[in-house]
Structures are given as C-alpha cells and as structure tokens.
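**Q** let me see the structure of the following:
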Amino acid sequence: MADAQQKFQHTFGGSDDGDYRDTWRIFKIMSEFVSGYQFLSNFTKAVTVFGSARTDEQSSHYKDAVKLGRMLSMAGYSTITGGGPGIMEAANKGACEGDGDSVGLNIQLPFEQRINPYVRKSIGFNYFFTRKVMLCAPAQAYIFFPGGFGTLDEFFEVLDNVELNLIDRMPVILIGRDYWQPLYEFLCTNAVEKIHSLEKRDLKLIKIVNSVEEAFDIIKKTKKPKTCSVLSSENFYCNQKINWRIFRIMAEIVEGFEFLTGTTKDVTILGTKSIGPQSPYYKAAYDLGKRLAKDKYTVVTGGGSGIMEAANKGAMLNGGESVGLYTHSSDQGHVNQYMTKSKRFDFSYTRKLILTAPSKAFVLFPGGYGTMDQVFEVLTLIQTGKMEDVPIVLYGKEFWKPLLEYLQHNTFEKHHAIKSYDLKLFDIVDSVDEVMKYIKRGSDSRKSIKNKK
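**A** Next up, the predicted model:
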C-alpha cells in the first residue's frame with residue numbers, strides 16, 4: 001500500500017504518519033473556492049450540461065448537444081460545462097454558434113481532459129471536489145447526456161443536494177431514454193421498493209426525454225429561484241466582496257485535516273440510514289465493524305443511523321476506534337451514539353472530502369443518492385488518477401448486481417463512456433469474509449488476481 005499512501009499525500013497533503021496539515025495545499029483549495037464562486041457570480045441565467053468526454057463528433061448525442069447549446073444561447077441562457085471534449089465540447093460549440101455565454105469549468109487531469117476550443121469564459125481547477133461543487137451549483141436546469149463515472153457522480157451529487165435542501169428543486173433532465181431509463185428503474189426497484197433509501201417523490205425531479213426539443217420545453221418553463229439556496233454563489237461572493245462563509249469553509253477544511261492527523265489505517269463504511277437492527281445489512285455492517293476493530297483498523301462512517309450506526313457499533317463495542325463525520329442536517333436525532341471520535345460539518349462537500357481523504361478501503365452497503373454519489377466519486381477519482389487505486393467493495397449482490405449490469409451494457413458496451421478496466425475498479429460481495437479478504441489484500445493484489453482471470 002506504499003503507492004496508495006504516496007498518492008494520498010499528493011492529493012490531500014498527508015504524510016507517512018498520517019499528517020494531513022499541509023498549509024499551502026489548504027490555501028490552494030481555498031483559492032479555488034474563492035475564484036470559483038467569484039467566477040460563477042457573473043452568470044445569473046445558466047443551464048449546466050453534463051455528459052461523456054469520450055463522445056465523438058459523429059455521435060447523435062454530440063449533434064444534439066450542439067443543437068441544445070445553440071438553442072440555450074439564442075434564448076439568453078449561459079451554457080456551463082466541464083470545459084472538456086465530447087458532450088462538453090458539443091454544448092460549448094452550440095453556445096458559440098448562438099453567440100451566447102459558453103462557459104467551461106475545467107479540471108487538470110493526467111490524461112484525456114483538455115479545454116475545448118469553444119469555451120469563451122473559463123476557469124481551471126486542480127481539485128475534483130471544488131470543481132464539482134461549482135458544476136453542481138444552483139442552475140435553472142441540469143442537463144445530462146449519457147456519460148461515465150464522472151457524469152453519474154455529478155448526477156447523484158445534484159440529486160443528493162436537492163434531497164438535502166442544499167439547492168432548489170430545478171429540473172434534472174436526462175437526454176436519451178435508452179441510456180437513462182434502466183438506471184431510473186434500478187432506483188425505483190432497489191432503492192425505493194427494496195431498502196426504502198429513497199421515496200417515490202425523490203424521483204419526481206428526474207425528467208427523461210428523447211430529444212433536445214423536449215428538454216428545451218422543460219427549461220423554458222423554469223424561473224430563477226426567488227430565494228438564495230445554501231450553495232448559491234451569492235452566499236459566498238457578491239458585489240465584488242468575499243462573504244464570510246468562505247472562511248467557514250476554510251475553517252472546516254483546516255479542522256477536518258487536523259481531525260484526520262494520525263489516522264493511518266482506516267476503512268470507510270457507507271450506506272443507507274433507512275434500515276434497522278433486524279435488517280441483514282445492519283447485521284453484516286455490525287459484524288464488519290467488529291472484525292475491523294479486532295484487526296486494529298479504524299472504522300470511519302458518516303455518523304448517522306442505519307448502516308453507519310451498525311458499523312460504528314460493531315467497532316466501538318469491540319474495543320476499536322469508531323469515527324463519525326456528520327453534517328448539521330444529521331443533528332435531528334440521527335447521529336448515532338457509537339463513536340469514540342466524531343466531527344460535525346456545516347458543509348456537505350467538506351465532509352465528503354474528509355470522508356474520502358485517508359481511507360485505505362471503501363465498503364459501500366445499499367443506499368440512496370448520497371451512497372451512489374460516494375460510489376461514483378471515489379471511482380472517478382481513481383479512474384482519473386486523482387487518487388490511488390484502493391479496494392472498493394460493494395456489499396450485497398442482490399442490490400448492486402443490476403447496477404453492474406447497467407454499467408456493463410449501457411455505459412461500456414453501447415456508449416463507450418468507460419473502459420473495460422474501469423469495471424474492475426470495484427468488487428461486489430455477499431459476505432463479510434470476502435470484504436475482509438479484499439481489504440487485507442489491498443488494491444495491488446486485487447488487480448493481480450483479476451488480471452489472471
């Protein structure tokens with residue numbers, strides 16, 4: 001795991017003894033927040049477009065994205081994308097053709113990502129999480145074309161922010177029924193009906209269409225929110241002045257990295273808060289926490305109920321380190337009592353950063369939007385070289401296998417938005433013994449075993 005530790009050091013500023021207090025790195029992160037919010041404050045009527053960086057110019061989705069960008073510009077909307085190739089380039093190209101604002105929020109990657117030639121106003125980011133905050137900031141609509149792990153990460157981030165009341169309920173429009181309908185059905189069947197991590201009303205925001213004309217008809221009916229939501233740029237930067245909330249973000253990051261210091265052997269466990277002690281998933285999470293404690297791992301969770309409570313309980317009651325990182329939205333009776341160490345956050349994205357930074361493995365039980373967001377965020381970080389490959393274990397084949405089949409059939413085979421190797425970045429298991437096997441072997445052994453198959 002030496003390479004993994006070095007990669008964590010590169011990305012998050014940690015050292016061999018688990019010291020994450022790199023002052024300059026924290027200032028760099030904060031400069032991206034200040035610059036990002038200042039940049040976004042210039043656009044008051046914006047639509048954000050997401051989609052695969054691998055979509056080529058001959059694709060019907062590329063052509064549709066060009067058409068949509070043109071329609072948005074001619075109607076006076078700013079078109080915001082991730083600034084890269086593929087769907088992002090297409091939407092920016094259309095925006096230029098319509099003589100409107102063509103905006104790109106670019107990310108520096110070791111490969112693939114470049115700012116496309118049709119971006120007229122741009123800003124670059126080094127840190128994925130700051131860029132994602134800006135991409136998922138309030139807009140009058142969010143448009144999703146077919147994409148890979150990054151697109152799915154952003155999709156679930158937007159939905160999670162809405163569910164947590166961090167942004168207003170604006171349409172989430174999915175273009176391409178053949179790509180998106182199976183994912184929608186997965187959420188209906190597995191998240192809503194089987195484990196109740198979502199409610200039917202949580203899915204009403206999603207609008208699946210087959211044409212840009214249908215998408216544009218929905219967008220035309222939207223209005224700029226009258227209230228300033230929690231993640232609006234106006235809350236952080238307005239009238240050429242930095243709002244004090246920027247310093248609250250900085251304080252949380254500093255305190256979060258201080259909190260992490262000394263953590264060198266830990267496993268992050270996430271999953272739905274909506275199950276009780278009688279659930280087999282709860283019992284498995286408890287057993288996993290117990291096993292990890294006996295092997296001297298620190299258990300890290302979101303500090304809430306359900307799966308998080310079970311894992312913390314298993315660790316704490318068996319003499320282990322049991323850590324919880326929770327937000328103020330969890331305060332209403334949902335923070336569990338089985339933590340030896342805990343930290344409360346006001347901003348969901350700083351919490352996600354701290355949840356991700358130190359872990360040597362991630363175990364994800366069935367869950368809703370927040371769990372899905374974490375799955376695809378970690379996969380995106382590993383896929384793009386922003387984080388070293390560590391074990392990602394999805395517990396519960398009944399729940400997760402339909403998602404794997406979706407990724408295999410739609411994302412890889414039909415739309416080529418990911419590569420075959422990307423599907424090897426995670427494992428799906430049905431026993432705690434298997435989880436422990438992957439954690440102990442680590443990512444290098446896991447890859448070696450898979451490559452022999």
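**Q** now the helix or strand encompassing E213: buried residues?
**A** Take DSSP states H and E as the rule and E213 turns out to sit in helix 212-220. Along helix 212-220, these residues count as buried under the neighbour rule (16 or more other CB atoms under 10 Å): V212, A215, F216, I219. In this view, the C-beta of every residue, glycine as well, is placed from N, C-alpha and C.
**Q** with adjacent residues omitted, what lies nearest to the last one?
**A** Nearest-residue entry for I219: A141, 4.7 Å, with adjacent residues in sequence omitted and distances by CB to CB, 6 or more residues apart in numbering.
**Q** for the one you found, list each beta-bridge partner.
**A** In this structure, A141 has beta-bridge partners V47, where bridges are defined by DSSP bridges.
**Q** which residues touch it?
**A** Taking CB atoms under 8 Å, 6 or more residues apart in numbering as the definition of contact, the neighbours of A141 are V47, T48, M170, P171, V172, I173, I218, I219, T222.
**Q** got CSV for those residues, with pLDDT and distance to K437 too?
**A** Listed next are the contacts of A141 as CSV, based on pLDDT from 0 to 100; distance: CB to CB, whole Å:
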residue, pLDDT, distance to K437
V47, 96, 46
T48, 96, 41
M170, 88, 44
P171, 91, 44
V172, 96, 38
I173, 98, 42
I218, 96, 47
I219, 95, 49
T222, 87, 49
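**Q** of those, which is the most crowded?
**A** Neighbour counts for these were taken using other CB atoms under 10 Å; the highest belongs to V47, with 29 neighbours.
**Q** go ahead and confirm that one touches Q140.
**A** Yes: the pair V47 and Q140 passes the contact test of CB atoms under 8 Å, sitting 5.8 Å apart.
**Q** find residues that contact each of the two.
**A** Shared contacts of V47 and Q140, defined by CB under 8 Å, 6+ apart, comprise Y77, I219.
**Q** what number of residues lie near the nearest residue to L379 once chain neighbours are set aside?
**A** The shortest distance from L379 to any non-neighbouring residue, by CB to CB, 6+ apart, is to F149 (4.6 Å). By other CB under 10 Å, the residues close to F149 number 23.
**Q** and the buried residues of helix 212-220, which is closest to A361?
**A** For the buried residues of helix 212-220, the closest approach to A361 (CB to CB) belongs to A215, at 39.5 Å.
**Q** list the residues that contact the closest one.
**A** Shown in contact with A215 (CB under 8 Å, 6+ apart): L68, I143, I173, I175, K207, V209.
**Q** please report how far it lies from L68.
**A** Distance check for A215 against L68: by CB to CB, to the nearest Å, it reads 6 Å.
**Q** tell me, what's touching those two both at once?
**A** Taking CB under 8 Å, 6+ apart as the criterion, A215 and L68 both touch I143, I175.
**Q** for the nearest residue to N410 once chain neighbours are set aside, grab phi and psi.
**A** Spatially, and ignoring its direct neighbours in sequence, N410 is nearest to Y179 (5.4 Å; CB to CB, 6+ apart). For Y179, the backbone dihedrals are phi -80, psi -40 (criterion: degrees, to the nearest 10).
**Q** can you pull the pLDDT of Y179?
**A** Taken from the predicted model, the pLDDT recorded for Y179 is 97.
**Q** go on, Q6?
**A** We have a pLDDT of 41 for Q6.
**Q** do the same with F125
**A** Turning to F125, the model gives it a pLDDT of 90.
**Q** by neighbours, which of the contacts of A215 wins?
**A** Of all the contacts of A215, the highest neighbour tally under other CB under 10 Å goes to I143, namely 30 neighbours.
**Q** can you verify that one is assigned to a strand?
**A** Yes: inclusion of I143 in a strand is indicated when DSSP: H, G, I helix; E, B strand; the rest coil is applied.
**Q** show the pLDDT at it.
**A** I143 is assigned 98 on the pLDDT scale.
**Q** could you do D22 as well?
**A** With respect to pLDDT, D22 scores 56.
**Q** for the protein, which residues score under the pLDDT cut-off?
**A** Within the chain, the stretches falling below the threshold (pLDDT under 70) are 1-24, 109-113, 225-244, 329-333, 358, 443-453.
**Q** can you list the domains in it?
**A** Structural domains of the chain, as assigned by automatic domain parsing, span the residue ranges 2-16+261-452, 28-242.
**Q** residues contacting the closest residue to D287 other than its chain neighbours?
**A** Beyond its immediate neighbours in the sequence, the residue positioned closest to D287 (CB to CB, 6+ apart) is V432, lying 4.9 Å away. V432 is in contact with A284, D287, L288, R291, counting by CB under 8 Å, 6+ apart.
**Q** what about the helices in the stretch 51-200 of the chain?
**A** Listed in chain order, the helices of the stretch 51-200 of the chain (DSSP state H, counting those that start in this stretch) span residues 60-74, 87-97, 128-135, 149-163, 177-186.
**Q** nearest to M30, out of the ones you listed?
**A** Using CB to CB as the measure, helix 128-135 is the one of the helices of the stretch 51-200 of the chain that comes nearest M30, at 9.1 Å.
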